[in-house]
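S.K.: Show me how the following folds:
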Amino acid sequence: MGDGSQEKEVRQERKGEKVAEWADGRLGVYSRVRANARRAFPDHWSFMLGEICLYSFIIIVVTGVYLTLYFHPSMKEVTYQGSYAPLKGQMVSEAFDSTMHISFDVRGGLLVRQIHHWAALVFVAAILVHMMRVFFTGAFRKPRELNWIFGFLLLVLGMFGGLTGYDLPDDLLSGTGLAVVNGTILSIPIVGTYLSMFLFGGEFPGNDLVARFNAIHVLLIPALMVGLLVAHLVLVLHHKHTQYPGPGRSNKNVVGLPLQVRAVKSAGFFFLVAGGIFIIASAVQINPIWQYGPHRADQVSAGSQPDWYMGVADGLLRVMPGWEIAFWGHTLALDNLIPLLAGVGLFLAMGAYPFIESWVTGDDRDQHLLDRPRNRPVRTGLGVAWISFYLVALIGAANDIIAIRLHVAVESVTWAVRIGLFIVPLLAYVVAKRCALGLQRQDREKVLHGRETGIIKRLPNGEFIEVHEPLGQEQLHVLTQHEQYKPIGPDSTGIEGGPDTNSSLTWRLRARLSQRLYGEGTQITKPTAQEYEEITSGHQH
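M.R.: The predicted model follows:
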């Protein structure tokens with residue numbers, strides 16, 4: 001009996017091997033996994049920001065599938081007969097009625113709704129913070145420009161995905177937001193009215209909006225985001241992961257954890273992220289549509305606030321003066337058009353910056369080591385200024401709530417935000433740049449004079465000095481490994497060469513930007529090997 005069972009197990013193993021060989025010969029899965037099994041993945045806490053994006057997106061998709069089974073994307077009016085007594089007998093849309101049904105009558109429906117909404121907020125927040133990490137550390141440089149574009153598109157799609165999902169319940173709060181969206185679209189010259197008619201299926205609010213937004217929210221945007229995520233992950237595997245500077249790390253290697261260990265840690269991170277979102281959704285209420293009631297075109301919800309990622313657009317609209325001008329017999333609503341252009345310009349500046357920096361430096365080498373933000377003071381200052389503009393505009397989106405809570409006039413808050421939009425980013429830029437330069441100067445002092453020990457020593461002549469301890473080779477490498485670009489002079493020879501290039505407007509613009517990024521006052525010259533040797537030999541003598 002024993003021998004027969006063993007032979008049977010051997011035959012089953014051989015069959016399994018044949019099936020695996022057949023599949024591998026046609027799909028190449030095993031060979032690809034085996035080829036990447038020895039790949040190293042750098043380990044740093046900031047790399048988890050990208051993982052939070054992926055894990056929250058998975059939660060969004062899973063909960064979204066569940067909600068789709070019960071949601072009816074229709075604006076057809078019905079009489080509400082659900083469990084929520086204050087609304088019984090009122091005329092509501094099928095979209096609102098089904099959302100109320102999910103919230104009060106489907107087992108676990110309200111929890112899933114809140115998980116879905118909170119996961120969407122976490123996703124957009126994580127991808128924005130992840131992109132800021134990529135920006136400040138220079139991880140967008142060659143060969144990762146496409147990955148930056150993919151991340152930028154994911155951020156924009158995530159914002160529009162949240163906006164379309166936010167409007168699906170057809171409640172009064174989402175209707176108020178839609179009225180703002182419609183006003184902004186109508187302010188676009190020439191095509192604004194056509195876009196509004198196409199989007200709403202007629203005069204606002206129309207009868208097809210929920211159905212159209214549902215198709216965009218459930219099908220179009222998720223499909224595009226999945227494609228971008230897959231492309232992003234493929235490029236990450238192809239280019240290998242970036243890593244922070246350190247001993248033994250260069251542009252030609254990767255120091256980190258093996259694939260198996262990294263996979264186990266990532267699985268643990270997934271459950272941590274999912275658990276955190278579930279706890280928040282269980283404890284913190286969000287979007288209680290039964291308190292707002294169904295959408296009515298002639299009503300506006302007081303104290304309405306958009307989700308935080310759309311706050312920058314709403315804030316710019318709120319603080320913009322009511323300017324209008326007549327042009328060729330047409331009225332231009334500048335109070336909507338200028339905020340729209342400012343918001344679009346803000347995000348386009350983010351998306352285009354890596355290409356501007358690459359053009360200015362002319363650096364065409366592959367870069368796999370990350371920058372320390374202090375070593376790129378101007379870039380760091382620009383990033384902080386961008387964030388500060390975003391935050392000031394976000395404050396403007398809550399001007400009415402701030403006025404009520406702080407018992408001040410809403411006009412005072414509005415004027416503070418207007419002034420802050422111009423002053424705060426400039427101050428943030430100057431402060432961040434000065435902090436980066438100060439940290440660079442501190443690093444230079446550490447390299448040349450060592451680390452302060454706190455030990456005070458008295459010399460024979462009576463002078464008191466503090467004893468400095470020389471830095472180790474590892475720390476010296478981290479503080480001095482970065483490369484400092486030299487600015488392009490107006491009379492220097494361009495990459496193309498020739499006097500025509502130097503006299504061109506493009507070259508002068510490039511030289512000026514180069515001076516702004518890497519010219520005088522933009523970086524502290526790092527110690528040279530000769531300076532270090534002279535100082536250390538002097539200390540020894």
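S.K.: hang on, T164 packs against I221?
M.R.: Yes: counting by C-beta atoms under 8 Å, T164 touches I221, with 7.0 Å between them. C-beta here means a position set from N, CA and C on the backbone, and glycine is covered the same way.
S.K.: What strands line up against the biggest strand by length in the chain, and which way round?
M.R.: If you go by DSSP state E, the chain has its longest strand at strand 451-458. Here strand 451-458 is paired, per DSSP bridges, with strand 464-469 (antiparallel).
S.K.: And the contacts of the strand it pairs with?
M.R.: Strand 464-469 is touched from outside by 449-459, with contacts defined as C-beta atoms under 8 Å, 6 or more residues apart in numbering.
S.K.: In PyMOL, select just the buried ones from those.
M.R.: Buried members of the contacts of strand 464-469, defined by 16 or more other C-beta atoms under 10 Å, are picked up in PyMOL with:
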select buried, resi 449+450
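S.K.: which among the contacts of strand 464-469 gets closest to R144?
M.R.: Ranked by distance to R144 (C-beta to C-beta), the contacts of strand 464-469 are led by R451 at 34.6 Å.
S.K.: Quick check, the closest one in contact with L471.
M.R.: Yes: the pair R451 / L471 is scored as a contact, 6.0 Å apart, by C-beta under 8 Å.
S.K.: Overlap in contacts, these two.
M.R.: Here R451 and L471 share no contacting residue, scored by C-beta under 8 Å, 6+ apart.
S.K.: Sketch out the helices for the stretch 301-450 of the chain, chain order is fine.
M.R.: 311-319, 334-361, 377-396, 399-406, 410-449 (DSSP state H, counting those that start in this stretch).
S.K.: between these, which one is nearest to R144?
M.R.: Smallest distance to R144 across the helices of the stretch 301-450 of the chain (C-beta to C-beta): 8.4 Å, for helix 334-361.
S.K.: taking the mean pLDDT, what do you get for the closest one?
M.R.: For helix 334-361, the mean pLDDT works out to 91.
S.K.: quick one: it to helix 377-396, angle?
M.R.: With axes from the mean of the first three to the mean of the last three C-alpha atoms, to 10 degrees applied, the angle from helix 334-361 to helix 377-396 works out at 160 degrees.
S.K.: Below-threshold pLDDT in the stretch 401-541 of the chain: ranges please.
M.R.: Where the stretch 401-541 of the chain drops to pLDDT under 70, the residues are 490-503, 536-541.
S.K.: Next: the stretch 1-150 of the chain.
M.R.: Ranges of the stretch 1-150 of the chain meeting pLDDT under 70: 1-17, 19-38.
S.K.: show me where it has helices.
M.R.: 2-27, 29-36, 48-68, 94-104, 109-137, 145-166.
S.K.: could I get those as CSV with distance to A428?
M.R.: CSV is the format used below for these (distance: least, C-beta to C-beta, whole Å):
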stretch, distance to A428
helix 2-27, 52
helix 29-36, 42
helix 48-68, 22
helix 94-104, 41
helix 109-137, 14
helix 145-166, 21
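S.K.: do you know which of these lies nearest I535?
M.R.: That would be helix 109-137 among those, by C-beta to C-beta, at 29.7 Å.
S.K.: Same question for that closest one: list its buried residues.
M.R.: Buried residues in helix 109-137, defined by neighbour count with 16+ other C-beta under 10 Å: 109-110, 112-128, 130-137.
S.K.: if we can go back for a sec, so the longest strand of the chain versus helix 410-449, what angle?
M.R.: 60 degrees.
S.K.: what's the average pLDDT for stretch 281-292?
M.R.: Stretch 281-292 shows a mean pLDDT of 93.
S.K.: now that stretch: how far from the chain's centre is it?
M.R.: Counting by C-alpha atoms, centre = their mean, to the nearest Å, stretch 281-292 is centred 25 Å from the centre of its parent chain.
S.K.: Ends of that stretch, what's the gap?
M.R.: This stretch, stretch 281-292, spans 19 Å end to end (C-alpha to C-alpha, to the nearest Å).
S.K.: what does stretch 516-535 give?
M.R.: Stretch 516-535 stretches 32 Å from its first residue to its last (C-alpha to C-alpha).
S.K.: ditto for stretch 82-101
M.R.: Termini of stretch 82-101 sit 7 Å apart (C-alpha to C-alpha).
S.K.: Flag every buried residue along it.
M.R.: Quick answer for stretch 82-101 (16+ other C-beta under 10 Å): 82, 87, 92-101.
S.K.: and I127, what does it touch?
M.R.: I127 neighbours (C-beta under 8 Å, 6+ apart): 53, 151, 154-155, 158.
S.K.: N375 too?
M.R.: Each residue near N375 by C-beta under 8 Å, 6+ apart is listed here: 436, 440, 482, 484, 523.
S.K.: Next, format the residues you listed as TSV and append distance to V344.
M.R.: Listed next are these as TSV, based on distance: C-beta to C-beta, whole Å:
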residue	distance to V344
A436	29
Q440	35
H482	34
Q484	34
Q523	32
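S.K.: mind listing what G89 touches?
M.R.: G89 neighbours (C-beta under 8 Å, 6+ apart): 79-81.
S.K.: Apologies, that question was intended for V226.
M.R.: For V226, the contact set (C-beta under 8 Å, 6+ apart) is empty.
S.K.: How much space separates it from P527?
M.R.: V226 sits 49 Å away from P527 when distances are taken as C-beta to C-beta, to the nearest Å.
S.K.: Also F198?
M.R.: 62 Å.
S.K.: So for these two, which residue has more residues nearby?
M.R.: Taking neighbours as other C-beta atoms under 10 Å, F198 and P527 compare with P527 leading, 20 against 12.
S.K.: which residues touch the longest strand of the chain?
M.R.: 464-471.
S.K.: Now flag whichever of these is closest to L340.
M.R.: Distances from L340 to these, taken by C-beta to C-beta, are shortest for L471, at 52.1 Å.
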